[in-house]
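Novice: okay, sequence plus prediction incoming.
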Amino acid sequence: MDPKEVSVTLPDGRVISFETGRIAKQARGAAVAKMGDAFVLSTVCYGEEKEGDFFPLTVEYREKAYAAGRLPGGYSKREAGRPSDEETLSARIIDRPIRPMFPENFTREVQVIVQVMSADKKFAPDVLGVSAASLSIGLSDLPFEQQVAAVRVAVVDGQNVVMPTYDQIACADLDMVVAGTEDSVCMVEGGAYEVSEDTMINAILAGHEVIKQLCIAQQKLVDQCGKMPKMILAPKDLGEAHEKLLTTVKEVVNDELQKDVHSNMVKTDFYPAMADLCKRMTEDPRILAIIGEGDAQDAALLADAKAIFGDLERTAMREMILNEHVRLDGRTTTEIRPIEIDMGVLPSAHGSAIFQRGETQGFVVCTLGTKADEQRYESLQGEGAKSYMLHYNFPPYSVGECKRLGTSRREIGHGHLAERSLAAVLPLPEDFPYTIRVVSEIQESNGSSSMASVCGGCLSLMDAGVPIKAPVAGIAMGLISEKGSVKEGGKIEILSDITGTEDHLGDMDFKVTGTAEGITAFQMDIKIRGITPELMRQALEQAKQGRLHILGRMAELGLAAPRPKVSEKAPTMIKMKVPTNKIRDVIGSGGSVIKGMQAQTGCTINIDDNGNVDIAAPTGKAAAVCRRMIEELTAEPEPGRKYKGKVKTIQPFGAFVEILPGRDGLVHISELADHRVDKVEDVVHVGDEVEVLCLGVDPKGKVKLSMKALLPPKAEAPAAEAAPAAEAAPEAPASAAAEATATEA
């Protein structure tokens, strides 16, 4: 073992170091990224060269329980199988910045595995995986254009903090991951609490300053230890046939292609038109003369002809936008597609909405549950629970395809973006004790389906009566550049509300969500190099104008604010608090008391160690009954208050009456009646229900009760038998008598 190491010092003095040469030496490339107690290993391997038209890159990210000194939860203690949603999201963060660094015509299967072997208790190790993956690829003989690094940036009290701790993130106004190369930013993702565009730009720039240093450090290790020579991709030599195809394909399709591109078609018309034109092109005699026919046809030349057609389609669309400022569907660069909204569609759901923007339709449903419905999860930080979640589903029929159903990484990623977009405006759990689940079922898709999920999700929350702080909308921005790089100059157009074609053939996918006051979430993937802060500011300002337009349409066609009351179909939720010394009384031996109340009222009761009680009831009446039962269980006797109780036991000196559940008080024999009582049984018997007045509670907690104090005053004697007025003493009122008795006692 002969490890080599380089390091970078962060602005606050902490150190990130990279290592290679000690672990996993049989992998094509292996690297370790370290910071504090975090130790993240990345390996890369690749397969044999294959023919294909796509790059089969797989990125896996795993967090081992032993990394945090913990055992895996559940029955099986072996970590295997499907990754968690959080691991999938981390894998996507690693995948997105490294994928563009491979050559476009590279088709070998590549697998990158990133493992957290040791975790630091203060900060998340996931962003170290980007640098570790980049370095492991750079150390291998794979062709890799530039080293990539990533950092997390938080804005805390107006200050940018690079690689923040968990505590800093918990109180941050903005939390983002920035990835890039030494000379440009290529990916941004994060969430915020209605921050300004300038705040976001400044955080990106602060993160990129550290990224530059990390990329330089990686390159030093690559220069020192990287495998040489690098894999060389031999260009496909199709000879004269390729040159003929270039000219002939353009000659065959150019006129009709230009006509179709300028026909203001929507996706459902444009895609079939392009497929039909491509098919007719491959059957044209001029093309067949080059690629051959029947069994003699050259498959490579046929694929080359189709690739040339695709390049012509891409060029035609981009040139029309750059030169004429018009898009495929006839919109201007800043124009938003038509919006339609339908509210309260599902009769049994707590909240539902259909949000349609162009050919993208999100059918979004909100369900409100109890604390028992929270999502339990396990991570390196331990176990936890989520009281809010948003799930995104993308069935194949939404794009007219036949595929197996399942949850893809894309669905998890889009759902996470939409979830954090709305999280910033949700009420606090202590103010709104429901578990909230939003599900977005994409019914039609032509770009920006995650943003439709944000808009539809916000509308469904308001339809359910969730008191959100403000409505949220989302928009996807695109970019078309003439030269493929901002630094090289040329024409540039920023597009608002991009379609699927513009996403596929364009140079940027920048999703921004927020309220009228500020940004709540964002995700940016850039396919070109050298994007400037000025260009990002322009894109954010254009996104803001589009977001405000969408918010206006949501208020006009849907709801401007949440409904005044929670849906009648949702459970009734009540929060209350009991003294911690009364928790045992509410639960009872083996849970007998709480189970009995739940069975009697139909409510679900949750109580924590601090005495906070959540009651979920099928009706408001049931909730009120359940609350009263808990209040009675935990109430303390109040002097001067009347109680109706049951006689539990009788002693020679008085009767014990239960006035509250599990709480007895003594009615002394002298307090049973307004006359002398020789025997307690002459007045009450065990099981009798009686009304009593609480006279007081002594320092030892003994309760003193009186029946006599509640009796009406005796009627006055007849005048003939009464004593002379001057000599008669006035009769004391019952309350005074009770007070005197209490004092005497």
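Specialist: Yep, it's here. Computed from a prediction, not measured in an experiment: that's the story for all the values here. Numbering: from 1, shown residues only.
Novice: what about the stretch 601-745 of the chain, any weak spots by pLDDT?
Specialist: 715-745 (pLDDT under 70).
Novice: helices of that one, start to end?
Specialist: Along the stretch 601-745 of the chain, counting by DSSP state H, counting those that start in this stretch, helices occupy 620-634, 734-744.
Novice: and the residue lying closest to residue 615 once chain neighbours are set aside, what element?
Specialist: Closest residue in space to residue 615, ignoring its immediate chain neighbours: residue 574 at 4.3 Å, by CB to CB, 6 or more residues apart in numbering. C-beta: built from backbone N, CA, C; applies to glycine. Secondary-structure assignment from DSSP states H and E places residue 574 in strand 572-577.
Novice: check which helix or strand covers residue 19.
Specialist: Going by DSSP H and E, residue 19 is in strand 15-20.
Novice: buried sites along that strand?
Specialist: 16, 18-20 (16 or more other CB atoms under 10 Å).
Novice: if we can go back for a sec, which neighbouring elements make contact with the strand holding residue 574?
Specialist: If you count contacts as 3 or more CB pairs under 8 Å, 6 or more residues apart in numbering; DSSP states H and E, strand 572-577 packs onto strand 612-617, helix 620-634.
Novice: low-confidence regions, this structure specifically.
Specialist: Along the chain, the parts satisfying pLDDT under 70 run over 80, 234-238, 486, 530, 715-745.
Novice: for the stretch 101-250 of the chain, which segments count as helices?
Specialist: Going by DSSP H, counting those that start in this stretch, the stretch 101-250 of the chain shows helices at 128-139, 166-170, 197-225, 239-261.
Novice: list the buried residues of the second one.
Specialist: Neighbour-count burial for helix 166-170, with 16+ other CB under 10 Å as criterion, is recorded at 168-169.
Novice: so how far is that helix from its chain's centroid?
Specialist: 17 Å (CA atoms, centre = their mean, to the nearest Å).
Novice: pairing partners for the strand holding residue 19, with directions?
Specialist: Using DSSP bridges, the strands paired with strand 15-20 are strand 4-9 (antiparallel), strand 29-35 (antiparallel).
Novice: from these, which stretch is densest packed?
Specialist: The highest mean neighbour count among the strands paired with strand 15-20, using mean count of other CB atoms under 10 Å, belongs to strand 29-35: a mean of 25.
Novice: can you add distance to residue 345 and give the buried residues of strand 15-20 back as a markdown table?
Specialist: Output for the buried residues of strand 15-20, formatted as a markdown table (distance: CB to CB, whole Å):
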| residue | distance to residue 345 |
| --- | --- |
| 16 | 50 |
| 18 | 53 |
| 19 | 56 |
| 20 | 56 |
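Novice: quick one: which of those residues is nearest to residue 533?
Specialist: Nearest to residue 533, judged by CB to CB, of the buried residues of strand 15-20 is residue 16 at 24.2 Å.
Novice: which residues touch the closest one?
Specialist: Applying CB atoms under 8 Å, 6 or more residues apart in numbering to residue 16 gives the contacts 7-8, 10, 33-35, 128, 131, 163, 214.
Novice: residue 540 against residue 201, yeah?
Specialist: Yes. Counting by CB atoms under 8 Å, residue 540 touches residue 201, with 7.2 Å between them.
Novice: ok, those two, which is more surrounded?
Specialist: residue 540 (22 against 15; other CB atoms under 10 Å).
Novice: can you pull the contacts of the more buried one?
Specialist: By CB under 8 Å, 6+ apart, the neighbours of residue 540 are 197, 200-201, 512, 519.
Novice: what does residue 152 give?
Specialist: Counted by CB under 8 Å, 6+ apart, residue 152 has contacts 123-124, 127, 162-164, 169, 175-178, 207.
Novice: next one: it from residue 457, what distance?
Specialist: According to CB to CB, to the nearest Å, residue 152 stands 25 Å off from residue 457.
Novice: show me the beta-bridge partners of residue 614.
Specialist: Going by DSSP bridges, residue 614 forms beta bridges with residue 575, residue 606.
Novice: share the number of residues neighbouring it, please.
Specialist: Residue 614 has 21 nearby residues by other CB under 10 Å.
Novice: picking that back up, need the winner for burial among the helices and strands packed on strand 572-577.
Specialist: Taking mean count of other CB under 10 Å, strand 612-617 is the most buried of these, at a mean of 23.
Novice: report the central residue of this structure.
Specialist: Geometric centre of the chain, nearest residue: residue 419, 3.3 Å, by CA atoms, centre = their mean.
Novice: what helix or strand is that one located in?
Specialist: helix 409-423.
Novice: please work out the angle formed by the directions of the helix or strand that comes right after that helix and strand 572-577.
Specialist: Later in the chain than helix 409-423, the nearest helix or strand by DSSP H and E is strand 435-444. Put simply, strand 435-444 runs at 150 degrees to strand 572-577, going by axes from the mean of the first three to the mean of the last three CA atoms, to 10 degrees.
Novice: given strand 435-444, what are its sheet partners and their directions?
Specialist: Going by DSSP bridges, the partners of strand 435-444 are strand 360-369 (antiparallel), strand 388-393 (parallel).
Novice: residue 498 is nearest to which of the ones you listed?
Specialist: Closest approach to residue 498 among those is made by strand 360-369 (10.6 Å; CB to CB).
Novice: tell me what angle that closest one forms with strand 612-617.
Specialist: Using the same axes, to 10 degrees: strand 360-369 against strand 612-617 is 110 degrees.
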